[in-house]
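Participant: Quick one: sequence plus predicted model below, questions after.
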Amino acid sequence: MIRKLSILCLSILFCGSVAWAADSAGNRKDQTVRLGMKTGIHLFYLISAPFVLEIPGEDFTFGLVYGSGDLQATTSSTTGSSSSGYATQTHTDVLTFTTTELTGRYYIGNSFNIPFGVAMYNLHDDNWEYSSTATYELDYSITQFNVGIGNEWTYDWGGYLGIDWFQGGSKLSEKASATLVSGTESSTSKAKAETTSTEVQAFAGVFIFTFGFGF
């Protein structure tokens, strides 16, 4: 909660000072490196809240993005029969979301830009209940190419704020692995557990904020 409030307050502060970013291109050119954070309406950014390390420039900016965070999920299931009685069982998973990206921005004018890059998003579950007889440690990773449109303002006093209005992706590869933790593994359950769904598409987002300070 404290981190989310800090992000909100900083975003309001930066948005209220756009007048200090009249020469964003020149301010970027004067900086050597900058540090920041990334968040927005994007599944992995919301949970992992990644940090950003960038080398800014007048026409291009290149950077590294990394972060990891946990999400607790609880599911319920009913067992038994009408003759013996029904029982409700709960199952709790801690899902770990990890974001790793190589990013770039091509600036068209002072602040308008085209963000692009290669991202690897990883989902890890220590206690994935594949069936009533088998529990697995599951790793799923997807590599994708991202591209979007956005604005980024670099202020006279060193701060910067980027808003990617939209970011889409194209899936390059994906991989899933499952390791039996408990229960009984049949000859086909592991293969089925590692089968990635064709319904998993590249992750996309809107209103993605990147903010921090340059030096």
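Facilitator: Yep, that arrived.
Participant: Just say helix, strand or coil for the spatially most central residue of the chain.
Facilitator: Centroid-nearest residue in the chain: Phe44, 2.4 Å away (criterion: Cα atoms, centre = their mean). At Phe44 the chain is in helix, as set by DSSP: H, G, I helix; E, B strand; the rest coil.
Participant: same deal with Val200?
Facilitator: Following three-state DSSP, the label given to Val200 is coil.
Participant: now Gln31, nearest residue through space, not along the chain?
Facilitator: Once flanking residues are discounted, Gln31 sits nearest to Gly214: 3.7 Å by Cβ to Cβ, 6 or more residues apart in numbering. To be clear about C-beta, it is placed using only N, CA and C from the backbone, and glycine gets the same treatment.
Participant: Next up, the contacts around the residue lying closest to Glu58 once chain neighbours are set aside.
Facilitator: Nearest non-adjacent residue to Glu58, counting by Cβ to Cβ, 6+ apart: Lys29, 4.2 Å away. When contacts are counted by Cβ atoms under 8 Å, 6 or more residues apart in numbering, Lys29 is found next to Pro56, Gly57, Glu58.
Participant: hmm, which of those residues are the buried ones?
Facilitator: Pro56 (16 or more other Cβ atoms under 10 Å).
Participant: which one of the contacts of Lys29 is nearest Leu71?
Facilitator: The closest of the contacts of Lys29 to Leu71 turns out to be Pro56 (Cβ to Cβ; 32.1 Å).
Participant: Local confidence estimate at that closest one?
Facilitator: pLDDT for Pro56: 97.
Participant: Distance of it relative to Gln31?
Facilitator: 5 Å (Cβ to Cβ, to the nearest Å).
Participant: Which neighbours do the two have in common?
Facilitator: Between them, Pro56 and Gln31 share the contacting residues Thr154, Gly214, judged by Cβ under 8 Å, 6+ apart.
Participant: circling back to that earlier point, in helices, which of the contacts of Lys29 fall?
Facilitator: Assignment to helices by DSSP state H places none of the contacts of Lys29 there.
Participant: Would you format the contacts of Lys29 as CSV with distance to Gly40 included?
Facilitator: Shown next, in CSV, are those (distance: Cβ to Cβ, whole Å):
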residue, distance to Gly40
Pro56, 20
Gly57, 23
Glu58, 25
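Participant: which one of the contacts of Lys29 is nearest Ala178?
Facilitator: Pro56 (41.7 Å).
Participant: Would you state the strands of the protein in chain order?
Facilitator: Listed in chain order, the strands of the chain (DSSP state E) span 34-41, 51-55, 60-81, 85-107, 112-131, 134-154, 159-183, 205-214.
Participant: Give the pairing partners of the fifth one; include direction for each.
Facilitator: It stands for strand 112-131. Paired strands of strand 112-131, with direction, are strand 85-107 (antiparallel), strand 134-154 (antiparallel) (DSSP bridges).
Participant: Just tell me which of those strands ends up closest to Phe166.
Facilitator: strand 134-154 (5.2 Å).
Participant: Buried residues of that closest one, list them for me.
Facilitator: Buried residues in strand 134-154, defined by neighbour count with 16+ other Cβ under 10 Å: 134-136, 138-144, 146, 148, 150-154.
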